[in-house]
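> Compute the structure for the input listed below.
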Amino acid sequence: MTAMEPLAAWIDRELEHAAAQMLRSISPTDLLKTRPGFGQTIRARRGSIVASPVLAAYDPDPDYFFHWYRDSAVVIEALGVLFEQAHPQGAPAHRLLEHFADFVRFSLALRELDGRALGAASDWRGRVCEDFLRFVRSDRELEAVHGDAVAADTRVNADGTLDISRWARPQHDGPALRALAVLRWMRRAAFDPPLRAAASSLLRADLEFVRRHAHTPCFDIWEEEEGLHYYTLCVSAAALNEGARWLAEHAEGEEASVCRREAAALYESLDRYWLAGEGHYRSRMLASGAPSPKDLDISVVLAALHAAGDRERHCPRDPRIHATLERLTALFEAEYAINRGRPPSRAPALGRYRNDVYYSGGAYYFSTLAAAELCYRAAAGTAASEQAHALAAQGDAFLETVRAFTPPSGDLSEQFDRNTGAQTSAKHLAWSYAAFISTTAARRALTLRSGSR
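Alright, predicted model coming up:
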């Protein structure tokens, strides 16, 4: 890469790399993951999507060789963006559709998991090293994982078995995100009857889960605090709203009405997350009732992007979402050394929330890309040419920051250090690549609309 390379040229090259690298996390059946401390050997199944294909074990990189419900939905949606654009990166269109079909089948099979069988079997505990027993779930907890609880179990092993390690559970955003991804794939592609039936079955199950659990406290997307979360409520409302349209199209008016009413109630609750005095949406209301230092959180921006839709509130056009982004930008501009003395062509690199301590507690690729994508999507939704131009320029400034901290290889990790800019945490994070794909697709749509690049 040369210093004078146009942004658009760099995007084209990086998109090739991002697409190919993201595909490594989808159905990584050639990889064998061993967890000696847990007595496990995991061979990934077709349809699984690992958060990272790197076989790490907190040595020092984290072990992300799991199928997270949330991350996998984000990735399968980005795969749909590639399919929609007829992009040749890594695989032809028919192979991308096969990946989606595998994902649907894998996801349906997870519904049959039953922790009662695992809790009743004692032999596997004998294979866990003594030092690791404190990281293993109790029999009582495992025996509760059946039915709806499986979809709230945060993540599973890439071979489709239950995760035996202690983790932040339950989480309720995964089924909502998966429902949205399936709905959007249904609009993109013509399915054969078996895939249509399987996708419809998965969608109905996820919509039913969201209807029952959207108002119930759970852990946030960072898997740290239990309560009601803007992100989870927002994507749940969007899933029910879009699901209601699909149900109505299939002459299921009564079910559609139920989903529509639940979505309306969720949107009404989201309005109460606005903090007028602080000028931003709060990210959470904790189950304990205590205030959280993480109220200002990039998850609010991610919620607007992942929910999308054609509403005026709680979507990329919502001025309160942009006010929240402004507060986040000011926060990280002051907090991160890498944001000081930057050239005027670059915006601040963004993290998750104030005083983050996970790994470097630094900037995240998907956070900074989310800011860019929000700007592009808002620009596409405004008729005012001057405002659209300003938003597009702001989006490019965030994307220039991503370019500045992307190595010549094009590889994207989870974070880049707040002081040095060096990549940290999980290598080849699938969500980072997915965020690049969705962000540049939003930019491409905007430039096509404006007739320029």
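> okay, residue 288: pLDDT?
For residue 288, the pLDDT comes out at 86.
> Next up, the contacts around it.
226, 227 (C-beta atoms under 8 Å, 6 or more residues apart in numbering). Heads up, the C-betas are built off the backbone N, CA and C, glycines and all.
> That one: which element?
Using DSSP states H and E, residue 288 sits in no helix or strand.
> Please report how far residue 258 lies from residue 234.
19 Å (C-beta to C-beta, to the nearest Å).
> With neighbour numbers in mind, choose between the two.
residue 234 (30 against 17; other C-beta atoms under 10 Å).
> Hmm, that one is touching residue 305, no?
No - counting by C-beta atoms under 8 Å, residue 234 does not reach residue 305; the two are 9.9 Å apart.
> ranges for the helices of the stretch 101-250 of the chain?
Applying DSSP state H, counting those that start in this stretch to the stretch 101-250 of the chain gives helices spanning 115-120, 139-143, 148-151, 173-188, 193-213, 230-249.
> how about those in TSV, adding distance to residue 86 and mean pLDDT?
Formatted as TSV, the helices of the stretch 101-250 of the chain follow (distance: least, C-beta to C-beta, whole Å; pLDDT from 0 to 100):
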stretch	distance to residue 86	mean pLDDT
helix 115-120	42	83
helix 139-143	44	93
helix 148-151	32	96
helix 173-188	11	97
helix 193-213	19	97
helix 230-249	24	97
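> what about these, which gets the closest to residue 54?
helix 173-188 (22.1 Å; C-beta to C-beta).
> tell me what that closest one is packed against?
helix 69-84, helix 93-110, helix 193-213, helix 230-249, helix 299-307 (3 or more C-beta pairs under 8 Å, 6 or more residues apart in numbering; DSSP states H and E).
> If we use 10 Å, what do you get?
Contact here means 3 or more C-beta pairs under 10 Å, 6 or more residues apart in numbering; DSSP states H and E; on that basis helix 173-188 packs against helix 69-84, helix 93-110, helix 148-151, helix 193-213, helix 230-249, helix 299-307.
> neighbours of the closest residue in space to residue 209 that isn't next to it in sequence, just the number please.
Excluding the flanking residues, the one nearest residue 209 by C-beta to C-beta, 6 or more residues apart in numbering is residue 175, at 4.4 Å. Using other C-beta under 10 Å, residue 175 has 30 neighbouring residues.
> go on, residue 57?
14.
> for residue 145, same thing?
By the criterion of other C-beta under 10 Å, residue 145 has 23 neighbours.
> shouldn't it be in contact with residue 167?
No - shown here, residue 145 and residue 167 do not form a contact pair, counting by C-beta atoms under 10 Å, at 11.7 Å.
> Which parts of the stretch 301-450 of the chain are strands?
363-364, 415-416, 423-424 (DSSP state E, counting those that start in this stretch).
> For residue 49, give me its contacts.
22, 25-28, 66-69, 71-76, 79, 99, 102-103, 106-107, 158, 430, 434 (C-beta atoms under 10 Å, 6 or more residues apart in numbering).
> Please pick the buried ones from the residues you listed.
Using 16 or more other C-beta atoms under 10 Å as the burial test, the contacts of residue 49 include 22, 25-28, 66-69, 71-76, 79, 99, 102-103, 106-107, 158, 430, 434 as buried.
> what about the residue nearest to residue 209, distance to residue 331?
Distance from residue 175 to residue 331, by C-beta to C-beta: 31 Å.
> Please, where are all the helices along the stretch 251-400 of the chain?
253-271, 299-307, 319-335, 365-380, 385-404.
> rewinding a little: now tabulate the helices of the stretch 101-250 of the chain in JSON lines and tack on distance to residue 393.
Converted to JSON lines, the helices of the stretch 101-250 of the chain look like this (distance: least, C-beta to C-beta, whole Å):
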{"stretch": "helix 115-120", "distance to residue 393": "51"}
{"stretch": "helix 139-143", "distance to residue 393": "50"}
{"stretch": "helix 148-151", "distance to residue 393": "41"}
{"stretch": "helix 173-188", "distance to residue 393": "28"}
{"stretch": "helix 193-213", "distance to residue 393": "37"}
{"stretch": "helix 230-249", "distance to residue 393": "27"}
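> tell me, what's touching residue 145 and residue 167 both at once?
Counting by C-beta under 10 Å, 6+ apart, the residues touching both residue 145 and residue 167 are 137, 153.
> you'd agree residue 111 is up against residue 198?
No - applying C-beta under 10 Å, one finds residue 111 not in contact with residue 198, separated by 11.6 Å.
> Can I get the helices and strands packed on helix 173-188 in JSON lines including distance to residue 314?
As requested, the helices and strands packed on helix 173-188 are exported to JSON lines (distance: least, C-beta to C-beta, whole Å):
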{"stretch": "helix 69-84", "distance to residue 314": "18"}
{"stretch": "helix 93-110", "distance to residue 314": "26"}
{"stretch": "helix 148-151", "distance to residue 314": "23"}
{"stretch": "helix 193-213", "distance to residue 314": "16"}
{"stretch": "helix 230-249", "distance to residue 314": "5"}
{"stretch": "helix 299-307", "distance to residue 314": "6"}
